[in-house]
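Engineer: one predicted model, sequence on top.
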Amino acid sequence: MGTRQFYVYMMTNKANTVLYTGVTNNIKRRVCEHKQKLVDGFTKKYNIVKLVYCETFGDSVSAIRREKQIKAGSRKKKEELINGINKEWHDLYEQL
């Protein structure tokens, strides 16, 4: 049986003014849902369409713990994480 992977990710709108942090076990499907506005709520309301950050975990407990840690941090801390891997804030979806 294959190893499951879990992802903690951050997405933003086209102007990079709003950040959303989430966790999923299928990053391509989940980001696609956000982009196509299939998810009611925050991401649909604020037009969250760009994947700018992603971390991979081997278990759900670690991924959820990390998601909570990121969400508890300041905007500045989130920007530092993004800038560490994606200084230009390009949409990373095509690289998945």
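Structural biologist: Arrived safely.
Engineer: tell me which residues in stretch 24-31 are buried?
Structural biologist: 24, 27, 30-31 (16 or more other CB atoms under 10 Å). In this view, the C-beta of every residue, glycine as well, is placed from N, C-alpha and C.
Engineer: can you add pLDDT, distance to residue 4 and secondary structure and give those residues back as a markdown table?
Structural biologist: Below are the buried residues of stretch 24-31 laid out as a markdown table (pLDDT from 0 to 100; distance: CB to CB, whole Å; DSSP: H, G, I helix; E, B strand; the rest coil):
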| residue | pLDDT | distance to residue 4 | secondary structure |
| --- | --- | --- | --- |
| 24 | 98 | 11 | strand |
| 27 | 98 | 12 | helix |
| 30 | 98 | 14 | helix |
| 31 | 98 | 18 | helix |
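Engineer: out of those, which is nearest to residue 72?
Structural biologist: Nearest to residue 72 among the buried residues of stretch 24-31 is residue 24, at 19.1 Å by CB to CB.
Engineer: so the closest residue to that closest one other than its chain neighbours versus residue 73, what's the distance?
Structural biologist: In this structure, residue 24 finds its nearest non-sequential neighbour in residue 30, 3.9 Å apart by CB to CB, 6 or more residues apart in numbering. Distance, residue 30 to residue 73, using CB to CB, to the nearest Å: 21 Å.
Engineer: ditto for residue 94
Structural biologist: For residue 94, the distance to residue 73 - CB to CB - is 27 Å.
Engineer: who's more crowded, the two?
Structural biologist: residue 73 (14 against 7; other CB atoms under 10 Å).
Engineer: would you confirm that residue 8 contacts residue 25?
Structural biologist: No: in this structure residue 8 lies outside contact range of residue 25 using CB atoms under 8 Å: 11.2 Å.
Engineer: for stretch 38-50, buried residues please.
Structural biologist: By 16+ other CB under 10 Å, the buried positions in stretch 38-50 come out as 43, 48-50.
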